[in-house]
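In: Got a predicted structure here, sequence first:
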Amino acid sequence: MKIKEVVATLERFAPLPLQESYDNAGLQIGLTEAESSGVLLCLDVTEDVLEEALSLGCNTVVSHHPLLFRALRRLTDESMVERCVRMAVKNDLSVYSAHTNLDNARGGVNFQMADLLGLEDVDFLRPAEGMDGGSGIVGRLAEPMPMERFLREVQDTFGVDCLFHNRTSKSQIASVAYCGGAGAFLLGDALRMGVDAFLTGEMGYHDYFGVEDDILIGVLGHYQSERYTMSLLRRILSEAHPTLPIYETTVNTNPIKYLY
């Protein structure tokens, strides 16, 4: 099948108009009229990921985070992004990114994480106007649980080595809001909805202050909060193209290391 059929499948699930105004989702590199020899799924595009695609015989790479997020002013070997572009073009690799459009789609990244958390009655935290999409999700646990137990379950579910959280007077957690990645911008929405806990991948230091009596904040890490995006992309593509070779990268692209 042609790469454009892979692209069409992804965009039926997560239309590009759902992406945020600052984003650059969609086709990054390549020609979609070419036949796809296989798809490698990843969170981030790096040189190691592209090497892995070549070793697997895949000419199509689908990432969550766009390789080309900001415009390039030159194309040398100085930066990782430039080297990846050169490598992809040289080896006829196509790169496609489903980013905030996949975050904001119904059934998308945040809904996937809600399933892992076992949340019920899940819907958008901040619905988009005029389309079926939105930022973040909100749902409820099947049964309320003690705050410390909830944090431990989040830590275990997402494989988080160090889970940041605020000091809070919340002793029981029943309702939860979630936004993978950099979701601090939705803290106010979660507060207005009166949910017990807000989980995200990144949060600024000062965001933790002043909400101790109102909400539990849990910060997983950006990579950890979105690492299961690949399984969602696999499901979307494999259901539509059951004969297409699809792989999830074995490369851990998290740039943050932890000293214990």
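Out: Arrived safely, thanks for sending. The structure presented is a predicted model; accordingly, all values stated were derived computationally and were not measured. Residues are numbered from 1 along each chain as shown.

In: Please go through this structure and pick out the longest strand.
Out: Secondary structure assigned by DSSP state E gives strand 134-146 as the longest strand of the chain.

In: Give the pairing partners of it; include direction for each.
Out: strand 120-127 (antiparallel), strand 172-179 (antiparallel) (DSSP bridges).

In: winner for burial among the ones you listed?
Out: strand 172-179 (a mean of 23; mean count of other Cβ atoms under 10 Å). For the C-beta atoms, the positions are set from N, CA and C on the backbone; glycine is no exception.

In: quick one: it to chain centroid distance?
Out: 19 Å (Cα atoms, centre = their mean, to the nearest Å).

In: Render the CA-only coordinates of whichever helix or strand comes after it in PDB, please.
Out: Next in sequence after strand 172-179, counting helices and strands by DSSP states H and E, comes helix 187-193. Taking Å, rounded to 0.1, in the frame of the first residue of the first chain, the C-alpha atoms of helix 187-193 are listed here in PDB:
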ATOM      1  CA  LEU A 187      -4.700  23.100  35.700                       C
ATOM      2  CA  GLY A 188      -7.200  26.000  35.900                       C
ATOM      3  CA  ASP A 189      -9.800  23.900  34.000                       C
ATOM      4  CA  ALA A 190      -9.300  21.100  36.400                       C
ATOM      5  CA  LEU A 191      -9.800  23.400  39.400                       C
ATOM      6  CA  ARG A 192     -12.900  24.900  37.900                       C
ATOM      7  CA  MET A 193     -14.400  21.500  37.500                       C
END
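
In: ok, back up a step: okay if I get the strands paired with strand 134-146 as JSON lines plus mean pLDDT and distance to Ser63?
Out: Converted to JSON lines, the strands paired with strand 134-146 look like this (pLDDT from 0 to 100; distance: least, Cβ to Cβ, whole Å):
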{"stretch": "strand 120-127", "mean pLDDT": "97", "distance to Ser63": "24"}
{"stretch": "strand 172-179", "mean pLDDT": "98", "distance to Ser63": "19"}
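
In: what's the closest non-adjacent residue to the residue most central in space within the chain?
Out: Centroid-nearest residue in the chain: Glu226, 3.9 Å away (criterion: Cα atoms, centre = their mean). With Cβ to Cβ, 6 or more residues apart in numbering as the criterion, Glu226 has its nearest non-adjacent residue at 4.4 Å, and that residue is Gly180.

In: and the longest strand of the chain, what's its mean pLDDT?
Out: Strand 134-146 shows a mean pLDDT of 97.

In: What residues of it count as buried?
Out: 134-141 (16 or more other Cβ atoms under 10 Å).

In: which residues sit against that strand?
Out: 103-104, 110-111, 113-114, 117-128, 150, 153, 171-179, 183, 185-186, 189-190, 193, 195 (Cβ atoms under 8 Å, 6 or more residues apart in numbering).

In: that older thread, take the strands paired with strand 134-146 and write them to TSV, including distance to Tyr208.
Out: Shown next, in TSV, are these (distance: least, Cβ to Cβ, whole Å):
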stretch	distance to Tyr208
strand 120-127	19
strand 172-179	16
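
In: what's the closest of the ones you listed to Gly204?
Out: Of all the strands paired with strand 134-146, it is strand 172-179 that lies closest to Gly204, at 14.1 Å by Cβ to Cβ.

In: Model confidence for the residue nearest to Ala34 when sequence neighbours are not counted, exactly?
Out: Among residues not flanking Ala34 along the chain, Ile3 sits closest, at 5.4 Å (Cβ to Cβ, 6+ apart). You'll see Ile3 listed with a pLDDT of 97.

In: After the helix or strand containing Glu148, which helix or strand is next? Please name it.
Out: Here Glu148, judged by DSSP H and E, is contained in helix 147-158. Beyond helix 147-158 on the C-terminal side, the first helix or strand identified by DSSP H and E is strand 164-165.
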